[in-house]
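Chemist: This is a predicted model, with the sequence first.
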Amino acid sequence: MLSVENLNVSYGHAKVLHDVSLKVSNGEMVFIAGRNGAGKTTLLKTIAGFLKPDTGSVIFEDKKINGMLPEKVAHLGIRYVFQDKRVFSNLTVKENLEIAAYPVKENIKDAIDKVIGIYPKIEKFLNMRAGSLSGGQRQILLIGRALIGKPKLLLIDEPTEGLAAGTINDILNVLVKMKGNISLVIVEQNLSVVGMLADRVYMMKEGKILKEMTEKDEITNKENLEKYL
């Protein structure tokens, strides 16, 4: 579904990504792990069209998309869930979902039912202001919004960052329900989460891919993951 080939990206004169390559198959849950500053977010932003690469290719469903505007990339079926957990705080949860449904012409009830399907608790919060939600609930709302309009690939940046253990479990349950139904690329530093969910893992450091893992015994071994950090 997605192929990134020899991607090089810079901020001004500072080169951030160095010949990065990865692939994502249909229905696969791919994790990108690494410490802060490894280039993980830069990689997602480049795939989503927010950054233009110096060289290299981003190919989605056999179409080269690097350099394409973010709204065009989204129209192809790629959605990016940002790290900052920013929602429309003064609007209700329901209104946040309505805003997502409007441009893709999805029925509002169907959109809300889809989000309730992955996180039933959200039904209690529909008429609450989104700004009053916890960080984890906002994260789930953002993932739910991204699912509206039948996307093919979700890019999710640090979904569990700064969240309490109980809230992380809610995020895990949501991701488990999505697993196999949609392709996902998830940036994550919590190696326990990576080990539990990943079909494929790319370990990054200093803008480079150090290791690609597809074998389950490699992925579930936390010590094995840590040695690449």
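Modeler: Alright, I've got the coordinates.

Chemist: Every contact and neighbour count from this point should use C-alpha atoms.
Modeler: Fine.

Chemist: Give the burial count for Lys40, as a bare number.
Modeler: If you count neighbours by other CA atoms under 10 Å, Lys40 ends up with 28.

Chemist: hang on, I meant Arg129
Modeler: The number of residues near Arg129, taken as other CA under 10 Å, comes to 18.

Chemist: Quick check: phi and psi on it?
Modeler: Arg129 has phi and psi values of phi -70, psi 140 when expressed as degrees, to the nearest 10.

Chemist: what do you get for the one 10 residues further on?
Modeler: Dihedral angles of Gln139 (phi, psi; degrees, to the nearest 10) stand at phi -60, psi -40.

Chemist: what sits against the closest residue to it other than its chain neighbours?
Modeler: Counting by CA to CA, 6 or more residues apart in numbering, the nearest residue to Gln139 once its immediate chain neighbours are dropped is Lys85, at 5.5 Å. By CA atoms under 8 Å, 6 or more residues apart in numbering, the contact list for Lys85 reads 135, 138-139, 142.

Chemist: now the strands for the chain?
Modeler: 2-11, 14-24, 29-33, 55-60, 63-64, 78-81, 153-157, 183-187, 200-205, 208-213 (DSSP state E).

Chemist: Can you lay out these as CSV showing distance to Tyr119 and mean pLDDT?
Modeler: Formatted as CSV, those follow (distance: least, CA to CA, whole Å; pLDDT from 0 to 100):
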stretch, distance to Tyr119, mean pLDDT
strand 2-11, 27, 96
strand 14-24, 25, 96
strand 29-33, 19, 96
strand 55-60, 29, 96
strand 63-64, 33, 96
strand 78-81, 17, 95
strand 153-157, 17, 97
strand 183-187, 18, 97
strand 200-205, 25, 96
strand 208-213, 30, 95
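
Chemist: Quickly compare these and say which is most buried.
Modeler: Greatest average neighbour count among those goes to strand 29-33 (a mean of 26), per mean count of other CA atoms under 10 Å.

Chemist: tilt between it and strand 153-157?
Modeler: Orientation check (axes from the mean of the first three to the mean of the last three CA atoms, to 10 degrees): strand 29-33 against strand 153-157 gives 30 degrees.

Chemist: Strand 29-33 pairs with which strands?
Modeler: strand 183-187 (parallel), strand 200-205 (parallel) (DSSP bridges).

Chemist: hmm, back to that, mind putting the strands of the chain in CSV, distance to Asn173 included?
Modeler: Listed next are the strands of the chain as CSV, based on distance: least, CA to CA, whole Å:
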stretch, distance to Asn173
strand 2-11, 25
strand 14-24, 22
strand 29-33, 14
strand 55-60, 28
strand 63-64, 33
strand 78-81, 17
strand 153-157, 15
strand 183-187, 15
strand 200-205, 19
strand 208-213, 23
